[in-house]
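Participant: Model the following, please.
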Amino acid sequence: MSNSVLYSVVPVESRLDLKDPFIFTVHHQDHYPQGNAQLGPVTPPYQHEYDMYYGEQIPGFPEHPHTGFETITIVERGYVDHFDSLGNSGRYAAGDVQWLTTGNGVQHCEMFPLVHQDQDNPLELFQIWLNSSPEQKKQPADYKMLWREQIPHVFSANAAGPKADIWVISGQFKDTEALDRPPHSWAAPAENRVNIYLITLAPEAELIIPASTASATRFCYFYQGKSLELEGQKIQVKHLIELKPDQDIHLKGGLLESHILWLEGEPIGAPVAMHGPFVLNSAQELEIAFRRYRETQFGGWPWPSAEPSFPPEHPRFASYEGGKHEEYPDKLDKEATQ
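Facilitator: Numbers count the residues shown, from 1 in each chain. The predicted structure is shown next:
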């Protein structure tokens, strides 16, 4: 399906295939049961019962390498424990966003501890793979937490009253600026116009997304609800739409609350050579990066196992600079109100 504003409308299972500067996005959902004392499921999983279960005891993705791009992990439900080869660690949860620039190489793990032993532990998240420029691929890896207490919201209401809630994760929405991104992110310079929003439309709420530039890439993923109108065209749930970037886009929610992931940005315009979790600019660069990983393990793994985790009662937090600095969002929120 294509017209002058909606370039394509495609159904999505979990993976969203995108265009420069984005690589792809995965919408992960697993309905984990009650947890046990080891933070795994109280009943052993059947083979391939869950999409995100690669650990021995705890669901998630044990120690693995990345280089040359960025991961933006947006949690809708559940908990994530992060550990990396830089010596950093943290726990984040529903409403939080982790932004990792993998630069010239890093190892990390993303474990999903089942912290509740008296109830189910559903997990839902988006992981966006955003490419880096050739120069950014040479920089040291870095990461930053965007806590739910600090991510800007824009509330918009139409004349009839129903509201839209826009979480501004990157870039800006009208006059509202997002939190700073890591310094070596493609999204850090304002001129790259990398706008990432999570949008919730109340039933029959309307919203206009301002135009970007003619050179930008723009996608809308309608992932929860019943129906959505985009420029008057009805869209079914679990569909990805590529849109004309340099035009205001009118959204109208259906009879149920509608949830949307919005992605847009200026392309990098560099060659892409990708093999698994390595994203560089040529086959030769890939070969060099794999050799360097085999020789250095991107700094090694300083943790006692490939799938470490924190106790269930541990609060959300992040450590930086190899653990020298810690940040607790609950304390940041209290300090901001004093």
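Participant: For H184, the count of nearby residues, please.
Facilitator: Neighbours of H184 under the rule other C-beta atoms under 10 Å: 20. Glycine gets a C-beta too; all of them are placed from N, C-alpha and C.
Participant: Could I get the contacting residues of it?
Facilitator: 101, 103, 132, 136, 139-140, 142 (C-beta atoms under 8 Å, 6 or more residues apart in numbering).
Participant: Under a three-state scheme, what state does it occupy?
Facilitator: Put simply, H184 is coil when judged by DSSP: H, G, I helix; E, B strand; the rest coil.
Participant: just the contacts of H184 now: which is nearest D17?
Facilitator: The shortest approach to D17 among these belongs to S132, at 18.8 Å (C-beta to C-beta).
Participant: roughly how far apart are the closest one and T296?
Facilitator: 20 Å (C-beta to C-beta, to the nearest Å).
Participant: the more surrounded of these two?
Facilitator: Higher neighbour count among S132 and T296: S132, with 26 against 11, using other C-beta under 10 Å.
Participant: before we move on, back to that, sort out which of the contacts of H184 are in strands and list them.
Facilitator: 101, 142 (DSSP state E).
Participant: Give the ChimeraX command for selecting the buried subset of the contacts of H184.
Facilitator: Entered in ChimeraX, the line below selects the buried ones among those, by 16 or more other C-beta atoms under 10 Å:
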select :101,103,132,136,139,142
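Participant: Next, format the contacts of H184 as a markdown table and append pLDDT.
Facilitator: Putting the contacts of H184 into a markdown table (pLDDT from 0 to 100) gives the following:
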| residue | pLDDT |
| --- | --- |
| T101 | 98 |
| G103 | 98 |
| S132 | 98 |
| Q136 | 98 |
| Q139 | 98 |
| P140 | 97 |
| D142 | 95 |
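Participant: State the pair within the contacts of H184 that is farthest apart.
Facilitator: Largest pairwise distance in the contacts of H184, by C-beta to C-beta, is 12.2 Å, between S132 and P140.
Participant: Check the contact lists of these two and give me the overlap.
Facilitator: In contact with both S132 and P140: 103, 184, using C-beta under 8 Å, 6+ apart.
Participant: Against G90, how distant is K163?
Facilitator: Relative to G90, and taking C-beta to C-beta, K163 is found at 32 Å.
Participant: Compare these two and say which one has the larger neighbour count.
Facilitator: More crowded of K163 and G90, by other C-beta under 10 Å: G90, with 21 against 14.
Participant: Give me the secondary structure label for the nearest residue to that one once chain neighbours are set aside.
Facilitator: Nearest residue to G90, sequence neighbours excluded (C-beta to C-beta, 6 or more residues apart in numbering): A318, at 3.7 Å. Following three-state DSSP, we place A318 in the strand state.
Participant: so what's A318 up against?
Facilitator: Counting by C-beta under 8 Å, 6+ apart, A318 touches 82, 88-90, 92, 145, 326-327.
Participant: Of these, which belong to strands?
Facilitator: Judged by DSSP E, the contacts of A318 include 82, 89-90, 92, 145, 326-327 as members of strands.
Participant: Would you mind giving those as CSV with pLDDT and distance to S309 added?
Facilitator: Listed next are those as CSV, based on pLDDT from 0 to 100; distance: C-beta to C-beta, whole Å:
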residue, pLDDT, distance to S309
H82, 98, 10
S89, 97, 10
G90, 97, 12
Y92, 98, 13
M145, 98, 17
E326, 96, 17
E327, 96, 19
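Participant: Buried ones among these?
Facilitator: 82, 89-90, 92, 145.
Participant: Closest to A37 out of these?
Facilitator: Distance ranking of those against A37, using C-beta to C-beta, places S89 first at 20.9 Å.
Participant: can you map out the strands along the stretch 201-338 of the chain?
Facilitator: Ranges of strands in the stretch 201-338 of the chain, per DSSP state E, counting those that start in this stretch, are 206-209, 217-224, 227-230, 233-236, 239-243, 249-253, 258-265, 273-275, 278-280, 317-320, 325-327.
Participant: partners of the fourth one in the sheet?
Facilitator: Applying DSSP bridges to the sheet, strand 233-236 is found paired with strand 227-230 (antiparallel).
Participant: Buried residues, the strand it pairs with. List them.
Facilitator: Here strand 227-230 shows 228-230 as buried, counting by 16+ other C-beta under 10 Å.
Participant: just stretch 201-220 next, same as before
Facilitator: Buried-residue list, stretch 201-220, by 16+ other C-beta under 10 Å: 201-202, 204-207, 209, 212, 216-220.
Participant: Distance from the chain centre to stretch 95-108, please.
Facilitator: 10 Å (C-alpha atoms, centre = their mean, to the nearest Å).
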